[in-house]
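Visitor: The sequence and its predicted three-dimensional model are supplied below.
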Amino acid sequence: MGIQDRLHRLWHGETNGLTAAAVIVGAASMASRFVGVVRDRVLASTFGAGHDLDAYYAAFRVPDFLYTLIILGALSAGFIPVFAEYLETKGKDEAWRLAEQVLSVVGAFMAVACLLLAIFARQLVPLTVPGFSPEMTDVTVTLSRIMFLSPFLLGISAVMGGILQTLRRYLAFSLAPVFYNFGIIFGALVLAPRMGIVGVAWGVVIGALFHLLAQATVVLKLGIRRVPWPSLKPSGVRRILKLMVPRMIGLAVSQMNLVILLAFASALPAGSVAVFNLANNLQSFPVGIIGISFALAAFPLLSAAASTKDWGRFNGEFVSAAAKICFFILPATALFILLRIQIVRLVLGAGHFDWKDTITTANVLGFFTVSLLAQALVPLFARAFFAVQDTRTPLFISFLSEVLNLGLAYLLRGPLGIAGLSLAFSAASFFNAFFLWWTFTRKRGWIDNKKLGWSILKSGVAAVAIVGFGWPVRQLFGTLFPLRTYWQVALQGAAAGLVGVAAFILVAHLLKSEEMTEVRHALQRKLLHHKPQVAGAEEAQGF
């Protein structure tokens, strides 16, 4: 088989198993996040933490609100279960007809919504950034109108992404965000020197087009044949909309929360909006790679088990996914706490992004980092509810979490400034995760919390070893070198990180962590080219 055939098979092929799917989604998410970090570094070095980036991130918020509200979570929560049911019970022809109808409705709705929002951007933008000057508000309005083209493209792409997830074609779905970020980088490097920050806005639109084309290359060969006139009459479309409504309300609350936090930040010193977004992007790196990847991979399996009422299988998939998330996210949390300044400096410290910006962003990142575990588990916990066709309970818990977030942010913004907003976010994330877990296990008594608890405890103890062994190494290298150059900071971070990871592996092995054993066996099979005797028991896209 030639290289071209292998690439074609990999791009269009089906992925079986939770771990295999999570690896593909996680690896692609890592690539996307890495490219996203490069994107942020390019933006930070080009514009610094100042007015231009403040306007860019503020302009990004309203289009992102529309996309997240209608498409990112709500569509998948409604579309994937119904599309999968159609495939199982009504055949491929009916399933593809449903997909075509949904594609038509979503495309028409997003086109109208984006047009109206662009027309009324002058009235909407000042509501989101009341602290901006008239000049900055004008720039933000211009950027918003350009970027309102992206939700239309991403909305169509999201329907195709739901199809790919259901059919377990994860590669194109997972890599689409990489192409999206490439578009933004193109805008920053090629268009911005000629057009300023407006060039970055056009880069967002180009990235959205790349995102759509990446998934369309697979979907169009699988079954989409035509796009009918949009109609809400088909029963499948109405069922999807019914499932979407609670999720949409929950996402609306979450996005309104971000808009209000943005308004709080806009009234703080210049650069606060940029610092908050840059720190948030950094902390979302492990959440996207680990939490989202396993949640997306587990969702179809949980839905399949729930549809047949195989609660034993459901419990096994749920506990396995949650334990793996904890095993990987807890050491990531320890590393981010230990090396937050080094991470910020290495990733963003270039050009106009100086040491003052570095320290401010690192402090905000530290408060975000304490809730990585909660943030990583929330996507899985929420999808457990979606799998049993309950979208109302996560809505209620999300609403309470966002109220808590805003209340704490309002109280903490005075004494702590921008760091207070990230601390409020973390507190609300823990509240959200805890009550999702507590409510689900209370309603579904067959979740094996004892097994999950032991796995979390072992992973947590091993993660503490990272700080215990890595901190002295970090301090030692801090005294040996002045840490004035990129490579001196990189050497300090690498040495402390490697020692910490080695300590984590050793402690996890001594505690006989099941997840550590699985990782070791998987590596042995790969290195020794052994095939597994049993097939493996195995979606934010984040931009």
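Guide: Good, I have the coordinates. Numbering: from 1, shown residues only.
Visitor: contacting residues for the closest residue to Trp229 other than its chain neighbours?
Guide: Nearest residue to Trp229, sequence neighbours excluded (CB to CB, 6 or more residues apart in numbering): Ser104, at 6.8 Å. C-beta here means a position set from N, CA and C on the backbone, and glycine is covered the same way. Applying CB atoms under 8 Å, 6 or more residues apart in numbering to Ser104 gives the contacts Val227, Pro228, Trp229, Pro230, Ser231.
Visitor: tell me which element Ser104 is part of?
Guide: helix 91-119 (DSSP states H and E).
Visitor: And the next helix or strand past that helix?
Guide: helix 121-128.
Visitor: Find out how far the following helix or strand past that following helix is from the centre of the chain, if you would.
Guide: Later in the chain than helix 121-128, the nearest helix or strand by DSSP H and E is helix 134-147. On the basis of CA atoms, centre = their mean, to the nearest Å, helix 134-147 is displaced by 26 Å from the centre of the chain it belongs to.
Visitor: With stretch 317-329 instead?
Guide: 17 Å.
Visitor: Check stretch 489-508 too.
Guide: Distance of stretch 489-508 from its chain centroid, counting by CA atoms, centre = their mean, is 26 Å.
Visitor: Any buried residues in the helix holding Ser104, and which?
Guide: Across helix 91-119, burial judged by 16 or more other CB atoms under 10 Å covers 95-108, 110, 113-114, 117-118.
Visitor: Same question for stretch 368-381.
Guide: 368-381.
Visitor: burial count for Thr393?
Guide: 18 (other CB atoms under 10 Å).
Visitor: Equivalent analysis for Val218, please.
Guide: Val218 has 19 nearby residues by other CB under 10 Å.
Visitor: Including pLDDT and neighbour count, could the contacts of Ser104 go into CSV?
Guide: Converted to CSV, the contacts of Ser104 look like this (pLDDT from 0 to 100; neighbours: other CB atoms under 10 Å):
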residue, pLDDT, neighbour count
Val227, 80, 13
Pro228, 84, 12
Trp229, 87, 8
Pro230, 85, 16
Ser231, 86, 11
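Visitor: And stretch 260-268, what's buried?
Guide: Ile260, Leu261, Leu262, Ala263, Phe264, Ala265, Ser266, Leu268.
Visitor: Next: stretch 381-398.
Guide: Those buried within stretch 381-398 under the rule 16+ other CB under 10 Å are 381-388, 390-391, 393-395, 397-398.
Visitor: just stretch 297-311 next, same as before
Guide: Buried, per 16+ other CB under 10 Å, within stretch 297-311: Ala297, Ala298, Phe299, Pro300, Leu301, Leu302, Ser303, Ala304, Ala305, Ala306, Ser307, Trp311.
Visitor: Please name the nearest non-neighbouring residue to the second one.
Guide: Put plainly, it is Ala298. Nearest one to Ala298, counting by CB to CB, 6+ apart, is Ala321 at 4.1 Å.
Visitor: my guess is the one you found meets Pro300, correct?
Guide: No. Counting by CB atoms under 8 Å, Ala321 stays clear of Pro300, with 11.8 Å between them.
Visitor: Now stretch 342-352: buried residues?
Guide: Of all the residues in stretch 342-352, those buried under the rule 16+ other CB under 10 Å are Gln342, Ile343, Val344, Arg345, Leu346, Val347, Leu348, Gly349, Ala350.
Visitor: Identify the residue with the minimum pLDDT among the residues you listed.
Guide: Lowest pLDDT of the buried residues of stretch 342-352: Ala350, 65.
Visitor: Name the nearest residue to His370, sequence neighbours excluded.
Guide: Heads up, residue 370 is Val, not His. Ser426 (5.2 Å).
Visitor: Got phi/psi on that neighbour?
Guide: The phi/psi pair for Ser426 (degrees, to the nearest 10) reads phi -70, psi -40.
Visitor: Now do the contacts for it.
Guide: Per CB under 8 Å, 6+ apart, neighbours of Ser426: Phe367, Phe368, Val370, Ser371, Ala374.
Visitor: can you check Arg413 too?
Guide: Phe264, Leu268, Gly420, Leu421.
Visitor: and it, how far is that from Pro269?
Guide: 12 Å (CB to CB, to the nearest Å).
Visitor: With Ala323 instead?
Guide: 43 Å.
Visitor: what's the answer for Gly291, then?
Guide: In terms of CB to CB, Gly291 sits 32 Å off from Pro269.
Visitor: neighbour-wise, which of these two wins?
Guide: In this view Gly291 and Pro269 are compared by other CB under 10 Å, and Gly291 has more residues nearby, 29 against 10.
Visitor: Surely the more buried one touches Phe381?
Guide: No. Counting by CB under 8 Å, Gly291 stays clear of Phe381, with 10.1 Å between them.
Visitor: ok, back up a step: may I see the contacts of Arg413 arranged in a markdown table, with secondary structure as well?
Guide: Shown next, in a markdown table, are the contacts of Arg413 (DSSP: H, G, I helix; E, B strand; the rest coil):
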| residue | secondary structure |
| --- | --- |
| Phe264 | helix |
| Leu268 | coil |
| Gly420 | helix |
| Leu421 | helix |
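Visitor: Turn those residues into JSON lines, columns for pLDDT and distance to Tyr56.
Guide: As requested, those are exported to JSON lines (pLDDT from 0 to 100; distance: CB to CB, whole Å):
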{"residue": "Phe264", "pLDDT": "80", "distance to Tyr56": "18"}
{"residue": "Leu268", "pLDDT": "77", "distance to Tyr56": "17"}
{"residue": "Gly420", "pLDDT": "88", "distance to Tyr56": "23"}
{"residue": "Leu421", "pLDDT": "88", "distance to Tyr56": "19"}
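Visitor: Tell me the one among those nearest to Arg484.
Guide: Proximity of the contacts of Arg413 to Arg484 (CB to CB) peaks at Leu268, which lies at 29.6 Å.
Visitor: residues touching that closest one, list them.
Guide: Gly131, Arg413, Gly417, Ile418.
Visitor: And it, its phi and psi?
Guide: According to degrees, to the nearest 10, Leu268 has phi -90, psi 180.
Visitor: For it, give its distance to Ile505.
Guide: 41 Å.
Visitor: What of Gly196?
Guide: Gly196 sits 48 Å away from Ile505, going by CB to CB.
Visitor: that older thread, and which of the contacts of Ser426 is nearest to Ser32?
Guide: Checking the contacts of Ser426 against Ser32 by CB to CB gives Phe368 as the nearest, at 19.0 Å.
Visitor: Was I right to think Glu94 contacts Tyr86?
Guide: Yes. Contact criterion CB under 8 Å: Glu94 and Tyr86 qualify, at 5.4 Å.
Visitor: Val35 sits in which helix or strand?
Guide: Using DSSP H and E, Val35 falls in helix 18-47.
Visitor: Now that helix: average pLDDT?
Guide: On average, helix 18-47 scores 74.
Visitor: what does stretch 441-455 give?
Guide: For stretch 441-455, the per-residue pLDDT averages 78.
Visitor: can you give me how far that stretch is from the chain middle?
Guide: The answer for stretch 441-455 is 25 Å, by CA atoms, centre = their mean.
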